[in-house]
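**Q** pasting the structure only:
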């Protein structure tokens, strides 16, 4: 690496056993696991909030129907229980909500635990606090990786830049890439994949004949809002409003009838009595049957964060989170493009979401025949921002490591495997379950669903052969464009990160490299026993059990 220009401050030097770059859902789980195993850890995050999907991106958890019983790590269960306990301790819950074993603060239909991002942040900070207090964990927010130093097959150091321009250089025995878009992979010269692969490369029946590295699922700048009837909270008309409401706007799901869909009418603050019917499907038939909830048919309830009926005294309004095809940005990329293009795409995504909000306030059809809901109020206080938009975009897909194992549609899709269930891996380090859910993509990629069997996470998907001490710890593992559609959700990313952090600590304590742990049956069994002791489930129960 070159030195610093005259007058530029020297980089602050740090060292740890484990460096976790990226403090999203996977990164936090990784740091927690590594620190609890006794390793010293540095965790870095470019935003001001750790937690990623759960906090700065403001996405209520996307989970499978059996999450309350099995199919998640013990640490993820502790997180979910702590969220509920936070509400029970600090919020004025109604009697019914307080007695609810599976409290769902927002009574949202997407998940059994829809909650505010700030609550998730408070819980994650509390979970990390013992390690921070004991000096085993240093958390650096506002830090972005800018360069990687290599020493042969090892990543020797990572350089980061703070928001004020100052530099930090961190050395570590093991480095984890838990960034939202796999940022360390190009910096380290590690092979990776983006976008769609061809059918000839992956053997997937639904892969295209020709791959497209820039055909990636759209990202979304979510926003939170409530509704105060009789008040006017209309925002300024967004600069790009004319574009986003034009017939040629790239909102794939609603080109002809506008953002609400055919016949769709927004229903702010529905009768709380109806929330008693809100359930998460729990049967195998529901798992593979038609979708029980249409996010456009009930846009308000789908990702609602606060339901009035759960609180006493009740707040004046529910608070809901908007993350739907109407604000999925597919007009450009932020991965492997110039800085100018990436900045334009990020601003375009913000403008798209603001335009959707403005359209809801001014033009959306109402049940009474009128148009617009001026009482919709953006809730920046919920999001940690001034405008009600999320602090960071929700990234569904970025760079994926060319790993020792690539999980394909042939390993998990019911359309391919019939009733055989998903592939069972010798080197499993966790489990997950979610449908293959592909949102509209850049370069014309269409929305796609495919039923998937409950699946496993192979250790080989977290490691490659180009860097001895690098572990993928988030959505950047060895999946394809298709299988990324189900390995990207909250409990799976948490499990990936937790197992990556535990692997890093296991390697540090024993003097191993990650690939050797996978290759050696004895080491692998020792590591899997350590995971099991942490409460990481390696395999699903038999089908008959669920």
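**A** Right, received. Where do you want to start? Predicted model only: the values in this text are computed from it and were never measured.
**Q** could you pull out the strands for the stretch 201-350 of the chain?
**A** Secondary structure of the stretch 201-350 of the chain by DSSP state E, counting those that start in this stretch: the strands cover 219-220, 223-227, 304-306, 319-322, 328-329.
**Q** other SSEs contacting the fourth one?
**A** By that I understand strand 319-322. On a contact count with 3 or more C-beta pairs under 8 Å, 6 or more residues apart in numbering; DSSP states H and E, strand 319-322 meets strand 223-227, helix 299-302, strand 304-306, helix 339-362. Heads up, the C-betas are built off the backbone N, CA and C, glycines and all.
**Q** secondary structure element for residue 14?
**A** Per DSSP states H and E: residue 14 is located in strand 12-21.
**Q** average pLDDT for that strand?
**A** For strand 12-21, the mean per-residue pLDDT is 97.
**Q** show me which positions of the very next helix or strand once past that strand end up buried.
**A** Counting by DSSP H and E, the next helix or strand C-terminal to strand 12-21 is helix 25-36. Going by neighbour count (16 or more other C-beta atoms under 10 Å), the buried part of helix 25-36 is 25-36.
**Q** among the residues you listed, which one lies nearest to residue 272?
**A** residue 25 (30.3 Å; C-beta to C-beta).
**Q** lowest-pLDDT helix or strand in this structure?
**A** Sorting the helices and strands of the chain by mean pLDDT, DSSP states H and E puts helix 284-288 at the bottom, at a mean of 40.
**Q** and this structure, what are its domain boundaries?
**A** Using automatic domain parsing, the domains assigned to the chain come out as 12-199+396-540, 219-383.
**Q** ok so, going back, okay, now the sheet partners of the strand holding residue 14, with direction.
**A** Here strand 12-21 is paired, per DSSP bridges, with strand 41-45 (parallel), strand 167-177 (parallel).
**Q** distance between the helix or strand just after the last one and the chain's centre?
**A** The first helix or strand that comes after strand 167-177 along the chain, using DSSP H and E, is helix 184-188. From the chain centre to the centre of helix 184-188 is a distance of 21 Å (C-alpha atoms, centre = their mean, to the nearest Å).
**Q** who touches helix 184-188?
**A** With C-beta atoms under 8 Å, 6 or more residues apart in numbering as the test, helix 184-188 has contacts from 21, 145-148, 150, 155, 158, 175, 177, 190-192, 336, 399, 401, 467, 470, 476.
**Q** same check, this time on stretch 238-253
**A** 255, 259, 261, 296, 325-326, 328, 330-331, 348, 351-352, 354-356, 358-359, 363, 440, 446-447.
**Q** hmm, residue 40 is touching residue 17, no?
**A** Yes - counting by C-beta atoms under 8 Å, residue 40 touches residue 17, with 4.7 Å between them.
**Q** and the closest residue to residue 208 other than its chain neighbours, backbone torsions?
**A** Spatially, and ignoring its direct neighbours in sequence, residue 208 is nearest to residue 196 (5.7 Å; C-beta to C-beta, 6 or more residues apart in numbering). Main-chain dihedrals, residue 196, degrees, to the nearest 10: phi -90, psi 140.
**Q** do the same with residue 145
**A** When read as degrees, to the nearest 10, the backbone of residue 145 gives phi -70, psi 140.
**Q** that one reaches residue 158, doesn't it?
**A** Yes - between residue 145 and residue 158 there is a contact at 5.6 Å, judged by C-beta under 8 Å.
**Q** between the two, who's got more neighbours?
**A** A side-by-side neighbour count of residue 145 and residue 158, using other C-beta atoms under 10 Å, places residue 158 first with 26 against 22.
**Q** is it true that that one lies in a strand?
**A** Yes - if the criterion is DSSP: H, G, I helix; E, B strand; the rest coil, then residue 158 is within a strand.
**Q** what's the burial count for the residue lying closest to residue 523 once chain neighbours are set aside?
**A** Nearest non-adjacent residue to residue 523, counting by C-beta to C-beta, 6+ apart: residue 517, 4.7 Å away. Neighbour count for residue 517, taken as other C-beta under 10 Å: 21.
**Q** from residue 85, how far out is the residue nearest to residue 541 when sequence neighbours are not counted?
**A** Here the nearest residue to residue 541 in space, its sequence neighbours aside, is residue 70; by C-beta to C-beta, 6+ apart that works out to 6.5 Å. As judged by C-beta to C-beta, to the nearest Å, residue 70 and residue 85 stand 21 Å apart.
**Q** I'm done for today, thanks for sticking with me.
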